[in-house]
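Asks: The sequence isn't on hand, but the structure is:
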Ligand SMILES: [Cu+2]
């Protein structure tokens with residue numbers, strides 16, 4: 001039983017591709033960050049993002065409805081077994097980096113800790129850029 005449980009709780013393997021964050025025009029501003037999460041393990045969920053670079057980071061989904069555009073905070077983001085979660089420029093999803101501290105400027109690398117429901121946390125270094133859409137495309141995604 002304990003052996004089965006150990007296997008059931010074994011951390012999956014999630015890797016991050018093309019992590020980018022928009023340069024903050026000024027400290028205190030909110031900016032978006034993007035990343036593709038690739039999961040070689042069982043179904044998982046991104047549940048938290050931590051960074052010394054900001055007050056807080058939320059998972060946002062943009063909704064375009066009849067009343068206009070709104071942003072909703074998602075408590076978690078599904079990452080399918082053997083699949084990807086694509087938080088990419090131009091998609092409804094972004095990581096909302098709120099109340100940035102000084103240093104989120106072009107060329108800087110920003111370390112964030114991504115926490116998952118099952119997999120072990122990973123530290124991802126986000127590249128700070130002025131134009132996230134161009135940087136994403138240039139990264140070959
Ligand atoms: Cu947002």
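Replies: Thanks, I have it. Computed from a prediction, not measured in an experiment: that's the story for all the values here. Residues are numbered from 1 along each chain as shown.
Asks: Quick check, residue 96 in contact with residue 32.
Replies: Yes - between residue 96 and residue 32 there is a contact at 6.3 Å, judged by Cβ atoms under 8 Å. Placement of C-beta: from N, CA and C, glycine included.
Asks: so what sits against both of those two?
Replies: With contacts taken as Cβ atoms under 8 Å, 6 or more residues apart in numbering, residue 96 and residue 32 have residue 60 as neighbours in common.
Asks: quick one: least confident helix or strand in this structure?
Replies: Ranked by mean pLDDT, DSSP states H and E, the weakest helix or strand in the chain is helix 2-8, scoring a mean of 50.
Asks: ok, the next helix or strand after it near the ion or not?
Replies: Next helix or strand after helix 2-8 toward the C-terminus (DSSP states H and E): strand 14-22. No - on the criterion Cβ under 5 Å from the ion, strand 14-22 is out of touch with the ion, staying 11.2 Å away.
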